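> Give me coordinates for this.
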Amino acid sequence: MNNGQKHIGTRYAEILLVTLFVIVQLFCWKKFGVNQHFDSANYLQYSQGILQQFSLSEEHLFWYTSYALFLAFFHFLNLSIEWVVAAQVLISAMATCALYKFTLRISPQKWDASIVSFLFIVCIKIQWWNNYILTESLFINANIIFFYYLSKYDSFSWKLLRFLPFLVFIFFIRPTGLITVISFTFFVLYLVGKNKVKLYQVCTFFFIIGIITLLLANQMLDDYNIVEPLQNGEVICGVSQASLSANVPKIRIEFQSKLLRFAFFIWDNPFYFLKISFYKAFYFWTTFRSDFSFLHNFLSLTFFLPIYFFALFASWRAKIPNAIKVYILTFIIWTFILVMVTCVNWNSRFLAPALPFVFILAGLGMGNFISTLTAKMARVES
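Numbering: from 1, shown residues only. The predicted model follows:
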């Protein structure tokens, strides 16, 4: 196939992806419209308070300031919440383009970018958040765009610090923005490499950031008890499972820090923690729910299990720049760790931000598998 044919093939693929994106968004609009969760009222109220006197109706909303500012922009212009959904869809389109361009840049196989973008577009468990007045859509897509610009650096530069305002913005979209901070830190530290002078300077800088981040994380937990749900056998948030919590595990109450309480809970109850973590892992990664329909669970398993297989395959076999792999794996692993600390959300809200990074690995894995299979078939025919 010559370059002209490849270019035409790429253009056709892009047109098909754009068409598919529009179809999926129209489907979500028809299915969900503008959807308000019980948290939506708090965000809307906080955004109005920002415009009036920068007041907080509840202290924990401080950690959602970026999303409140996002909503305040529409309040300021007297635009309805339908415009919020439209903006979230537009940002999602930008994130899709970022995923496509990123994969195109690092992969020699042109279809890899199409596979990654296709998986992102057709995953309704990601796309439906565009229709919710919640932090998920902005958080998911801002993380993709942030990663796209960050991934252009293959060596350390102090210019990376210019991304700090964007990083702060993401951090304050929702508390799980802490994962983005951790991923950015690992990415930069890897780029520093063996340069001992820079390594000392950067490690000192990020050590300070790490201490501040840890203190902030501990402060965030003031409004959330991470030990009690674990003790009650909560795999799904708010749903206690008597079979898991029949023998009430030990809990230490002498520590004010909830992070310390959690650490000692694991120390005192290792087998219980492993058991409940197994259930969390299954429900988290498969999106399987016992109360959901057979069709939902079947489709979830059929969709996600092959994706995870190819993502693991790519982690070992695909030629991905190491710094990029460090960022992607750090983001995915820390998302999972956070769920182990808390619980699995009923609607897979906690999984959704990690899925684009899983799709990158899966798309590269699928592309690598297809090219290997095609090469073997060609050799057999010859």
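
> mind listing the strands in the stretch 101-250 of the chain by residue range?
234-236, 239-240 (DSSP state E, counting those that start in this stretch).

> Asn368 - how many residues pack around it?
Using other Cβ atoms under 10 Å, Asn368 has 19 other residues around it. (C-beta placed from N, C-alpha, C; glycine too.)

> What of Phe163?
Counted with other Cβ under 10 Å, Phe163 comes out at 16.

> Also the one 10 residues further on?
Ile173: 26 surrounding residues under other Cβ under 10 Å.

> C-alpha coordinates for stretch 309-318, CSV please?
C-alpha atoms of stretch 309-318 as CSV (Å, rounded to 0.1, in the frame of the first residue of the first chain):
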residue,chain,number,x,y,z
PHE,A,309,-6.0,-9.0,28.3
PHE,A,310,-4.6,-6.8,25.4
ALA,A,311,-3.7,-4.1,27.9
LEU,A,312,-1.6,-6.5,29.9
PHE,A,313,-0.1,-7.8,26.6
ALA,A,314,0.9,-4.3,25.6
SER,A,315,2.4,-3.6,29.1
TRP,A,316,5.0,-6.3,28.4
ARG,A,317,5.3,-6.4,24.6
ALA,A,318,4.3,-3.1,23.0
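
> buried ones in it?
Using 16 or more other Cβ atoms under 10 Å as the burial criterion, the residues of stretch 309-318 that qualify are 310-311, 313-315, 318.

> low pLDDT regions in the protein?
For the chain, the stretches with pLDDT under 70 are 1-9, 55-58, 194-203, 205-206, 209-210, 212-225, 240-258, 381-382.

> Which secondary structure element is home to the residue lying closest to Gln48 once chain neighbours are set aside?
Using Cβ to Cβ, 6 or more residues apart in numbering and skipping the chain neighbours, the partner closest in space to Gln48 is His75 (5.9 Å). His75 belongs to helix 65-76 when assigned by DSSP states H and E.

> and that helix, what does it pack onto?
helix 40-52, helix 81-106, helix 136-150, helix 164-171 (3 or more Cβ pairs under 8 Å, 6 or more residues apart in numbering; DSSP states H and E).

> how far off helix 136-150 does the second one point, in degrees?
This points to helix 81-106. Between helix 81-106 and helix 136-150, the angle comes out at 30 degrees (axes from the mean of the first three to the mean of the last three Cα atoms, to 10 degrees).

> what angle do helix 81-106 and helix 40-52 make?
Using the same axes, to 10 degrees: helix 81-106 against helix 40-52 is 100 degrees.

> Helix 81-106 - contacts with which helices or strands?
helix 3-32, helix 65-76, helix 110-122, helix 136-150, helix 355-381.

> What segments of the stretch 151-300 of the chain are helices?
164-171, 177-192, 196-220, 228-231, 258-268, 270-286, 294-317 (DSSP state H, counting those that start in this stretch).

> would you list those in a markdown table and tack on distance to Phe359?
Below are the helices of the stretch 151-300 of the chain laid out as a markdown table (distance: least, Cβ to Cβ, whole Å):
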| stretch | distance to Phe359 |
| --- | --- |
| helix 164-171 | 19 |
| helix 177-192 | 16 |
| helix 196-220 | 27 |
| helix 228-231 | 30 |
| helix 258-268 | 31 |
| helix 270-286 | 14 |
| helix 294-317 | 7 |
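
> what's the closest of those helices to Cys123?
Comparing the helices of the stretch 151-300 of the chain against Cys123 with Cβ to Cβ, the closest turns out to be helix 294-317 (7.8 Å).

> What is the neighbour count of Trp334?
Other residues close to Trp334 by other Cβ under 10 Å number 19.

> thinking again about what came up before, buried set for the helix holding His75?
So, applying 16+ other Cβ under 10 Å, buried residues of helix 65-76: 65-72, 74-75.

> now do stretch 327-337
Of the residues in stretch 327-337, those buried (16+ other Cβ under 10 Å) are 327-332, 334-336.

> Also stretch 101-111?
102-104, 106-107, 109, 111.

> What are the contacting residues of it?
6, 9-10, 13, 112-113, 116-117, 147-148, 151, 320-321, 324, 360, 363-364, 367-368, 370-371 (Cβ atoms under 8 Å, 6 or more residues apart in numbering).

> Now which of those residues would you call buried?
Here, 16+ other Cβ under 10 Å leaves 13, 112-113, 116-117, 147-148, 151, 320, 324, 360, 363-364, 367-368 buried among the contacts of stretch 101-111.

> Can you tell me which of those residues is closest to Gly49?
The closest of the buried ones among the contacts of stretch 101-111, once distances to Gly49 are taken by Cβ to Cβ, is Phe147, at 31.6 Å.

> and Phe359, how far is that from Ile236?
24 Å (Cβ to Cβ, to the nearest Å).

> Between the two, point out the one with more neighbours.
Relative neighbour count places Phe359 above the other of Phe359 and Ile236, with 25 against 19, counting by other Cβ under 10 Å.
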